[in-house]
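S.K.: here's my sequence, what's the structure:
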Amino acid sequence: MKKIILSAAFLAFAGISAANATEVKNPVAITVKQDSTTKVPVELKDLPEAVKTTLQSEPVKAWTPTAAFLVTNADKTQYYHIEVKKDAETAAIKIGADGKVIQ
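M.R.: Prediction:
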């Protein structure tokens, strides 16, 4: 009797396993969008005068610049990405070559 119950339990388990192990009919496509933005490091002393003037203007002068990058987008537009620090806070500012802050 034990063998019959054990065999029935084994067949039931095998049937459930076979039913759950179905083939994937619609494969999932994973796409990665490539960003063609380039980011080139720039020395703080080599920034354009308009950008330096903006960094010394009133709302920004409380922050100390720590690093600068020239960012070129896919559409060939450029801006300067300036990383700034004030005490323990860090932030980043985008400034165009003409010295205007980009939002």
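
S.K.: need the helices for the chain, in chain order.
M.R.: 2-20, 49-55 (DSSP state H).

S.K.: ok, of the ones you listed, where does mean pLDDT dip lowest?
M.R.: The stretch with the lowest mean pLDDT among the helices of the chain is helix 2-20, at a mean of 64.

S.K.: how far away is residue 93 from residue 2?
M.R.: 77 Å (C-beta to C-beta, to the nearest Å). Every residue, glycine included, has its C-beta placed from N, CA and C.

S.K.: give me the more crowded residue out of these two.
M.R.: More neighbours surround residue 93 than the other of residue 93 and residue 2, with 20 against 6 (other C-beta atoms under 10 Å).

S.K.: hmm, residue 60 and that one touching each other?
M.R.: Yes - contact criterion C-beta atoms under 8 Å: residue 93 and residue 60 qualify, at 6.6 Å.

S.K.: so who does residue 99 touch?
M.R.: 48, 50-51, 53-54 (C-beta atoms under 8 Å, 6 or more residues apart in numbering).

S.K.: with adjacent residues omitted, what lies nearest to it?
M.R.: residue 50 (3.1 Å; C-beta to C-beta, 6 or more residues apart in numbering).

S.K.: that neighbour: neighbouring residues, count only.
M.R.: 15.

S.K.: can you check residue 70 too?
M.R.: The local packing of residue 70 (other C-beta under 10 Å) involves 17 other residues.

S.K.: let me see the contact set for it.
M.R.: So residue 70 contacts 39-40, 42, 78-81 (C-beta under 8 Å, 6+ apart).

S.K.: which of these count as buried?
M.R.: Buried subset of these (neighbour count, 16 or more other C-beta atoms under 10 Å): 42, 79-81.
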